[in-house]
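[1] Turn this into a structure:
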Amino acid sequence: MHNSIFTVEQIYTGCLAQGAYYITSNGEAAIIDPLRDTQPYIHRLERDGVTLKYIFETHFHADFVSGHIDLAGKTNAPIIYGPDAACGFDCISASDGQVFELGHVKIKVLHTPGHTMESTCFLLIDDTGKENALFSGDTLFIGDVGRPDLAQKATAMTQEQLAAMLFHSLRNKVMTLPDDVLVYPAHGAGSACGKNMSKETVSTIGHQKRFNYALRANMTEGAFVEEVTTGLLPPPVYFGANVAMNKKGYESFEKAFNNGMRALSVAEFEIAAENTGALLLDTRDNTDFSKGFVPQSINIGIKGDFAPWAGALIGDVQQAILLITAPGEEEETVTRLTRVGFDNLIGYLKGGFAAWKDAGKETDTVNRITADAFAAAYKTGETKVADIRKASEYSTEHIEDAYNRPLDYINNWIKEVNPAEHFYLHCAGGYRSMMAASILQARGYRNFTEIAGGLTAIAQTAIPRTDFVCQTRVMQS
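    Next comes the predicted model:
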């Protein structure tokens, strides 16, 4: 958004479906909800010749570690939260309605509790008094609102009570704004902070009042509470740790990054694996991984929703990790892990898997077959199939007789796997099924076959598929 007296830049990170915001006016800047790796913001400030005056935080984020502390240390800009923010570091817990001046514009605090108690929106007002843009954090998304269940433990309130609070925050603080005010949320589609988010990353108040289910006119509090709390999936296990880091503080990004960027020879890597109990994380493409990998490695491909999946599947951010990456992807891998709080990085295997293989070390593979080969086996009556996609994907369409075992909950359903009974494993395209395959093998299960290309490839065969909702069979013509 460009104006003669201010600019707003949305800095969107697809892997986390996260939006940070960079605002400048008359030589001064503010950054809202920065990521942990702060150097890109420093470069922008230097490029524009502006001084960072404020770091605004909409709430204590659950799904990533914010860069507020490091950025404040490098720029001396104050960290500003809304009311009820108890920080373990120097911060300003602003009062509702408080105004901060930035060059020719003003940024007004709108306390909007409900997602969390300190959740706050920031309203940009220009020099004429016109309300231009709302940085809505996790209070209002495009097509959705923030889930009200994440703050239950911290507040001793029920999700229904928090949802009711969110209802009034939206009605009294957000929906009363002019229809042409732009809405800049903290997240978009793919984030676990909501359940129905749009792929769009900007909207207007008027558009949201027309099309966002939670902002319907004449909607009662009871209806809002019921709709917002229905269908909520359990939050990823790493969320609590990220909230704690954002609230209490953390070690510098540079320290965690430098630890992860230690290049280890094959011998050093092997010794570290034996002595530290580290998890071996292989971030290569699933096709490359299936053909050969260091035994006991877990595959989470860097080319995908890497950081959220690492957080969801590894869970414990204190877990020691040794990395195996494709050559040249070490820096990106380390950066994206630290964004979700994985600081106990020991280093990476210098030369990658090729170096391990060239050293004559033991390797492993995954039993992966094509969709056509699976179709041939399916004709013989081998139909025990585990579909590891989300329940919503499964309900839209799935192989007849396949059962749903979402990857998110593998740590639960893996206990039910019968090691003596063979089954097939697939997702939508192979990215998630290889994660599941690697976890299964690391825990001693070899009684499965993974299907390359997932349901996308299977759909090109004659295997019958079922629409769960209306129970219609879909056959390849």
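
[2] Which residue of the chain lies farthest from its centroid?
    Thr380 (40.6 Å; Cα atoms, centre = their mean).

[3] Report the separation between that residue and Ile369.
    In this view, Thr380 and Ile369 are 14 Å apart by Cβ to Cβ, to the nearest Å. Backbone N, C-alpha and C define where each C-beta goes, glycine included.

[4] circling back: find me the pLDDT at the residue farthest from the centre of the chain, would you?
    Confidence at Thr380, expressed as pLDDT, is 87.

[5] Show me the helices in the stretch 301-450 of the chain, by range?
    Along the stretch 301-450 of the chain, counting by DSSP state H, counting those that start in this stretch, helices occupy 306-314, 330-338, 352-358, 371-379, 391-396, 410-413, 431-442.

[6] Quick check: the closest residue to Thr383 other than its chain neighbours vs Ala214, distance?
    Spatial nearest neighbour of Thr383, chain neighbours left out: Asp401 (4.9 Å); criterion: Cβ to Cβ, 6 or more residues apart in numbering. Here the criterion is Cβ to Cβ. By it, Asp401 lies 37 Å from Ala214.

[7] the more surrounded of these two?
    Ala214 (22 against 11; other Cβ atoms under 10 Å).

[8] Am I right that the more buried one is in a strand?
    No. Ala214 sits outside any strand when classified using DSSP: H, G, I helix; E, B strand; the rest coil, being helix.

[9] list the contacts for it?
    With contacts defined as Cβ atoms under 8 Å, 6 or more residues apart in numbering, the neighbours of Ala214 are 144-145, 170, 224, 227-228.

[10] ok, 7 Å please
    144-145, 224, 227-228 (Cβ atoms under 7 Å, 6 or more residues apart in numbering).

[11] what do you get for Gln319?
    279, 344.

[12] One more: the one 3 residues further on?
    For Leu322, the contact set (Cβ under 7 Å, 6+ apart) comprises 269, 272-273, 278, 280, 346-347.

[13] for Ala86, same thing?
    Neighbours of Ala86 in contact, by Cβ under 7 Å, 6+ apart: none.

[14] Now do the SS call for it.
    Ala86 ends up coil, using three-state DSSP.

[15] what does Ile271 give?
    helix.

[16] Run a quick neighbour tally on it.
    By other Cβ under 10 Å, the residues close to Ile271 number 12.

[17] same check, this time on Asp179
    Neighbours of Asp179 using other Cβ under 10 Å come to 12.

[18] try Gly14
    Neighbours around Gly14, by other Cβ under 10 Å: 9.

[19] Excluding chain neighbours, what is closest to Lys247?
    With Cβ to Cβ, 6+ apart, the residue lying closest to Lys247 is Phe60, at 4.8 Å.

[20] Make sure the one you found is actually in contact with Thr116.
    Yes. At 6.4 Å, Phe60 counts as touching Thr116 under the criterion of Cβ atoms under 7 Å.

[21] So these two - more neighbours on which side?
    Per other Cβ under 10 Å, whichever of Phe60 and Thr116 has more neighbours is Thr116, with 28 against 24.

[22] In contact with the residue farthest from the centre of the chain, which residues?
    Counted by Cβ under 7 Å, 6+ apart, Thr380 has zero contacts.

[23] Which residues are in contact with Asp138?
    58-59, 115, 119, 146, 186-187, 193.

[24] ok, and the most crowded of the residues you listed?
    Gly146 (32 neighbours).

[25] my read: that residue touches Thr112, true?
    No. Using Cβ under 7 Å, Gly146 is not in contact with Thr112; the gap is 9.0 Å.

[26] quick one: low-confidence parts of the chain?
    For the chain, the stretches with pLDDT under 70 are 194-196, 467-477.

[27] ok, now with 90
    For the chain, the stretches with pLDDT under 90 are 1-4, 14-17, 150-156, 188-200, 231-237, 315, 379-383, 392, 400-401, 466-477.

[28] hmm, back to that, overlap of the contact sets of Gly146 and Thr112?
    119, 139.

[29] how about the nearest residue to Gly82, chain neighbours excluded?
    Closest to Gly82 by Cβ to Cβ, 6+ apart is Thr120, at 2.7 Å.
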